[in-house]
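> Sequence first, predicted model second:
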Amino acid sequence: MAARPAAARQSFADFSREAFEMAVLPVREDWSQAWRTLSAQIDPNADADEMSARRLAEASPPI
């Protein structure tokens, strides 16, 4: 996949919102359940926590 031109790049917030929107589509809902459950438990305003990030990455559905 080619990189987007600089003017078309998304913010991380927009990327994250779209990821959650796509994760609940019927074709992906079962596949992303573990990731969505873990994501709901993370405080986005908390300090960075490498173990939480690792658990989320391991639960992420493959691309």
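Looks like it arrived, so ask away.
> CA only for contacts and neighbour counts going forward, please
Will do.
> got the residue ranges for the helices in the protein?
Secondary structure of the chain, counting by DSSP state H: helices at 12-23, 33-40, 50-59.
> Deepest in the core, which of the ones you listed is it.
Highest mean neighbour count of the helices of the chain: helix 33-40, a mean of 15 (counted as mean count of other CA atoms under 10 Å).
> ok and that helix relative to helix 50-59, angle-wise?
For helix 33-40 against helix 50-59, the angle between stretch directions is 160 degrees (axes from the mean of the first three to the mean of the last three CA atoms, to 10 degrees).
> who does helix 33-40 touch, helix- and strand-wise?
On a contact count with 3 or more CA pairs under 8 Å, 6 or more residues apart in numbering; DSSP states H and E, helix 33-40 meets helix 50-59.
> go again using 6 Å as the cut-off
Packed against helix 33-40 by the contact rule (3 or more CA pairs under 6 Å, 6 or more residues apart in numbering; DSSP states H and E) you find no helix or strand.
> So what's the gap between that helix and the chain middle?
Per CA atoms, centre = their mean, to the nearest Å, the displacement of helix 33-40 from the mean C-alpha position of its chain is 9 Å.
> Redo the helices of the chain as TSV? Include mean pLDDT.
As requested, the helices of the chain are exported to TSV (pLDDT from 0 to 100):
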stretch	mean pLDDT
helix 12-23	90
helix 33-40	91
helix 50-59	90
